[in-house]
Structure formats: C-alpha cells, structure tokens
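1. Predicted model follows, preceded by the sequence.
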Amino acid sequence: MRQAWRWFGPHDKVSLADVRQAGAACVVTALHHIPAGAVWHAEEIEARQREVAFHPDGSMTHLAWEVVESLPVSEAIKTQTGDWRADLVHYKRSLENLARAGISTICYNFMPVLDWTRTELAWPLENGGTTMRFDLADFAAFDINVLKRRGAAVDYDAQTVETAKARFGALDEAGAERLAANITAGLPGAVEHWSLEELSHQLTLYTGIDAARLRQNLIDFLSEVAPLAQRLGLRLCCHPDDPPFPLLGLPRVMSTEADYRVVLDAVDLPANGVTFCAGSLGARPDNNLPAMAARLGPRIHFTHLRNVRRDAETVPCSFLEDGHLAGQTDMVAVVAALLAEESRRRKEGRADAEIPMRPDHGQEILDDLTRGAQPGYPAIGRLKGLAELRGVMAALDWDQGGA
C-alpha cells in the first residue's frame, strides 16, 4: 500500500518535515477554507500543490498531494434543496480542475450536517496519553439537554436516557459548553463550525428525509459525477459514516457493507468506489472488516487504518480510539485482505494496483500532549501507528515469500 499522511495545510502543527521523517510517501489534504458547494479553482489547487512540494524556505519536501480528503458535498446536494443543481455543476468543475492538476483520488462523504463526531477529544488513557472517545450517554445528554432537539429522547433506550440525565446534571456551564464544542468541532481551517442555533437550523433542512430518500439522493449525485470521473480517469471514494449509526434524528446510509453494495451496484462504474475506513466501520460489531475488505476490494480506492474498542456489542454503542493493533478489529487480517487485493490488481495490470493508505487518527503520546495538533491527528501517535502497520505489511510480505 502507498503510505500517505493527512496534512491540514501550513497552519498544521505537524509539519511537512515531520511527515517526511515519519516515512510517508505522499500527502492527503484538501482546500478546507473553501465552503462546500463552491468551485475549487485551478489557482487554489496549484497553490496547495506548491505548499506541499516546498518547505517555507523554498527547499523541496519530496512530497506531493496525491489524495483529496475531502471534496465536500454540500448540504443542498444531500437534501436536494435550494441551489443544489448549481452546487452539482460546481462539484463537476472542481473534479475537472483536480484532473487537470493530476490528482486522481478524491474522497468525500455523505453524512448529514456533522462529519465525524466525538464527545471527548482528549480522553485520558492509563499510560498517560489521551485519545478520542464517543460516549453514547454523553451524546444523548447533549442532544436532549443542551441542543434540546424536539423528540430527542425517543431515539435512545430508557437506560441511556436515565444515564444522560445524570451526566447532564453533573455538568456545570463550562462542562456543557465543552461537550457541545467537542461534538460540533470541525477540521482546522474549515468553513463549517456550527453554533447550537445553526446546528438546529441545519437539522430542520432534513425534515421528511429518511434513509431511503437520502440514499437515493446519494445515488442521484453519483449518477451525475461518477460518469464524469470515469471519463477523467478519477477515482471517487465515499467515506463511511462516523459513527456508523444515526445521530440527531438524521439518517446515515453508508454504515455497512450492504449500504455500500446498494450504491456501488446502482452506479456500477469503476470510478465509483470506497474509502475503506477501518475505524469508522469498526464501531459496529456487526461489520466483519476483513471480509468486507475482501469483498469490496475491487472498488476500494483509498483506505484509513485505525482501530476502536467498543464498550458494548450493540448498535449504537460507545467506543474509544484504541491503538492501531490493539482494538477489536483484526488489523492483520484487514491488511492481509488489502495486500491480496493489490496482488490481484497487479495480475490484472490495473494502473491503480497500489492502494493509498494513511494511518488514521492516533493517540496523543509523548510530545503530542503539548503540541496542540488537530485532535486525532498527532505526530507521534500516528507515527507509532504507521510504524506498526508498516511492520505488519513487511511481515505479511515475508510470510508470502516477498522477502
């Protein structure tokens, strides 16, 4: 697999020099400052390519921007409201500009309103490090008592509602604000940072949109953009829901293998593919990740490797971000399935035989604890994860006679 590293631009506390020292071969990034629905113009793309290629002193980084994560899909497209057709035209223009710039792998997601969601961004670990955590009761406390979404309590079982009530009762004003900030946290430099009022308004835009309708809107979107991507030689890959179950009364439609199969079959083009995120999919106990990696393999265009540990074998459930080889997913089996897919592609002569992979998220350890990087994206924690994954790949290659 081609070892990549997510970088958030010049303001990222993890520098490109750090990326090089970690041993990554290429960069995954995006134009986070451009709002969803707007065009990614050639000048902006080229500017980011230069930022990746050169250090601030003008010396070469020997890195290139090879994967987009993400080219965001606007809420208007997801709901098919407002100027969604104009946003669709803008999306196509962005794809054309990325193709001209030589960037061919484009990750996106179709999660309503919120992207990845955690209730704690620095959960303390026994070893002194910290990690990210999603706590279902804390989320329910936010939903019911902080956001005060109408009818929120009926979306949770009685025990979760009771625990959420106690959790909220123990929060002071600062604690409630911190919980809300964690849940609505965006990526660094991104335009979308919802206030509670804005979040409540965004939720109203999905009134009457159930899972079937949202899935059809995704298929409609792909029916428009995937044929263009196919002609341009691009690979579109949809990131799974994170967490992979409904939140805030909103449907989520990319949480299981069955979800992916419906969409891949509906728009059956090689350009329409999968971002295989082991961490997101691993938050559901009913997802068999090694088997999914094998069966979805021909359409996997990009992969995120991380691990989670669930508090319960239910859907939904609480979970935390565990070590890359320490969680409940058999990461060795996942990597083996992906390497087998690469081998199959090489025999077929596919140009995309090497699948780009990045060590997703990471626990904050050592100097990460004072660096102040984007939550989930520390330098040393990800380096540790990449080193572990690199070791698994080397061992599997040796076992198969590659050494």
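-> Structure received.

2. The stretch 201-350 of the chain: strands as residue ranges?
-> Ranges of strands within the stretch 201-350 of the chain are 235-239, 272-277, 300-305, 307-310, 319-322, based on DSSP state E, counting those that start in this stretch.

3. same check, this time on the stretch 1-150 of the chain
-> 2-6, 26-29, 65-69, 105-109, 120-124, 130-134.

4. With mean pLDDT added, can I get the ones you listed in CSV?
-> Output for these, formatted as CSV (pLDDT from 0 to 100):
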stretch, mean pLDDT
strand 2-6, 98
strand 26-29, 98
strand 65-69, 98
strand 105-109, 98
strand 120-124, 96
strand 130-134, 97
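
5. which one of these lies closest to V262?
-> V262 lies closest, by Cβ to Cβ, to one member of these: strand 105-109, at 16.2 Å. Using the backbone N, CA and C atoms, a C-beta is placed for each residue, glycine as well.

6. Serialize the strands of the stretch 201-350 of the chain to TSV and add fields for distance to V263.
-> Converted to TSV, the strands of the stretch 201-350 of the chain look like this (distance: least, Cβ to Cβ, whole Å):
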stretch	distance to V263
strand 235-239	7
strand 272-277	7
strand 300-305	14
strand 307-310	23
strand 319-322	25
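
7. Turn these into a markdown table, columns for distance to W194, mean pLDDT and mean neighbour count.
-> Converted to a markdown table, the strands of the stretch 201-350 of the chain look like this (distance: least, Cβ to Cβ, whole Å; pLDDT from 0 to 100; neighbours: other Cβ atoms under 10 Å):
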| stretch | distance to W194 | mean pLDDT | mean neighbour count |
| --- | --- | --- | --- |
| strand 235-239 | 19 | 98 | 25 |
| strand 272-277 | 23 | 98 | 26 |
| strand 300-305 | 24 | 98 | 25 |
| strand 307-310 | 25 | 98 | 22 |
| strand 319-322 | 23 | 98 | 23 |
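
8. Mind checking the ones you listed for the one nearest to R133?
-> In this view, the strands of the stretch 201-350 of the chain are compared for proximity to R133 by Cβ to Cβ, and strand 319-322 is the closest at 4.2 Å.

9. Which neighbouring elements make contact with the closest one?
-> If you count contacts as 3 or more Cβ pairs under 8 Å, 6 or more residues apart in numbering; DSSP states H and E, strand 319-322 packs onto strand 130-134, strand 307-310.

10. In space, what's closest to G129 - neighbours in sequence excluded?
-> Spatial nearest neighbour of G129, chain neighbours left out: I365 (4.1 Å); criterion: Cβ to Cβ, 6 or more residues apart in numbering.

11. Repeat that for N272.
-> A226 (4.3 Å).

12. State the distance from A42 to L205.
-> Separation of A42 from L205 (Cβ to Cβ, to the nearest Å): 31 Å.

13. How about Y91?
-> 18 Å.

14. Looking only at neighbour counts, state which of those two leads.
-> Per other Cβ atoms under 10 Å, whichever of Y91 and L205 has more neighbours is Y91, with 25 against 16.

15. That one and A76 touch, don't they?
-> No: contact criterion Cβ atoms under 8 Å: Y91 and A76 do not qualify, at 10.8 Å.

16. Touching both of the two, which residues are there?
-> Counting by Cβ atoms under 8 Å, 6 or more residues apart in numbering, the common neighbours of Y91 and A76 are G37.

17. Just want the most central residue of the chain.
-> Centroid check for the chain by Cα atoms, centre = their mean gives H239 as the closest residue, at 5.6 Å.
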